[in-house]
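J.: generate coordinates for the sequence data below:
(one chain, ligands or ions: 1)
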Amino acid sequence: QTRDAAKRRASESAVEAVSDGDVVGLGSGSTAEHAIRILGDRVEEGLDIVGVTTSFQAREIAIEKGIDLTTLDETDGHIDVTIDGADQFAGPDLIKGGGAAHAREKIVASATDSLQIVADPTKETDVLDTVVPVEVLPDARTTVANAIREMGGEPELRWAQRKSGPVVTDNGNLLFDADFGAIDDPEALATEIATIPSVVEHGIFPGYADAVHMGTEDGVTVFEY
Ligand code: DER
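T.: Residues are numbered from 1 along each chain as shown. Below you'll find the predicted structure:
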């Protein structure tokens, strides 16, 4: 209950970064859901924005809330501000992909002028050390798993909870959660993972955050980068 309140407070803070006329990236996950719902309420009160969504989940909520949607093809690949969650943040370095949406989240984040991350205190860390989601073409799962092990990681195929078999992403691919332990150089590891053949995208977002809005027990802490 308190964690959900913290997520909501983080989102209320991040939404302040959105202005009339903005193209807004709409993130995925339970924290970003609060932000989309709040934006929807502001749209009803007259806020003039268009959204670019990062997942099936984000699109469903945006449609429910009546937020007009567009695509990167129609905005010349430009987004003014994106609000999205994270599995972990160490300063501006992020690990994302807990919701298996990190491929489209990274496209949107990379096209964004200002990435506003929303989180609760459980996401804050000095050194990134949670598992790194790695999206792979289904036929390459064995070769990618071998490559991750050669790099010192331990890959675990993400199995679905309410479906027999593995999680299948919005892009029709499979997902490893790769445990590399503490990640001292996120940028270097990001580059190394990205060069493995048939890796579609991974969840290290090195230096991506322009701000992190962390909801706390009684308020919000905003880190600017
Ligand atoms: O999958 C993602 O990248 C989500 O943003 C995730 O990292 C955060 O989800 P949560 O807000 O439900 O914890």
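J.: what residues does the longest strand belonging to the chain touch?
T.: Counting by DSSP state E, the longest strand found in the chain is strand 112-119. Strand 112-119 has contacts (C-beta atoms under 8 Å, 6 or more residues apart in numbering) with 7, 10-11, 13-14, 17, 25, 27, 31-32, 34-35, 78-86, 89, 94, 109, 208-215. Backbone N, C-alpha and C define where each C-beta goes, glycine included.
J.: of these, which belong to strands?
T.: 25, 79-84, 89, 94, 211-215.
J.: for the residues you listed, which one is nearest the ligand?
T.: Asp84 (5.4 Å; C-beta to the nearest ligand atom).
J.: show me which residues of the protein sit near the ligand.
T.: With C-beta under 6 Å from any ligand atom as the criterion, the chain meets the ligand at residues 27-32, 84-87, 96-99, 101-102, 105.
J.: among the residues you listed, which are in helices?
T.: Those of the residues of the chain next to the ligand mapping onto helices are Ser30, Thr31, Ala32, His102, Glu105, per DSSP state H.
J.: give the partner strands of the longest strand of the chain in its sheet and their orientations.
T.: Strand pairing for strand 112-119, using DSSP bridges, gives strand 79-84 (parallel), strand 211-215 (parallel).
J.: ranking those strands by burial, who's on top?
T.: When those are scored by mean count of other C-beta atoms under 10 Å, the highest mean neighbour count falls to strand 79-84 (a mean of 26).
J.: average pLDDT for it, rounded please.
T.: Average pLDDT, strand 79-84: 98.
J.: what sits against Asp22?
T.: With C-beta under 8 Å, 6+ apart, Asp22 has these contacts: Ile49, Asp80, Val81.
J.: what's around the first one, how many residues?
T.: Burial of Ile49, expressed as a neighbour count using other C-beta atoms under 10 Å, amounts to 20.
J.: wait, isn't it in contact with Ala17?
T.: No - using C-beta atoms under 8 Å, Ile49 makes no contact with Ala17, being 11.6 Å away.
J.: helix or strand with the lowest mean pLDDT in the protein?
T.: When each helix and strand of the chain is scored by mean pLDDT, DSSP states H and E, helix 2-14 comes last, with a mean of 95.
J.: buried set for that helix?
T.: Within helix 2-14, the residues scored as buried using 16 or more other C-beta atoms under 10 Å are Ala6, Lys7, Arg8, Arg9, Ala10, Ser11, Glu12, Ser13, Ala14.
J.: of all these, which comes closest to the ligand?
T.: Lys7 (6.5 Å).
J.: ok, the closest one touching Ala35?
T.: No - using C-beta under 8 Å, Lys7 is not in contact with Ala35, being 9.1 Å away.
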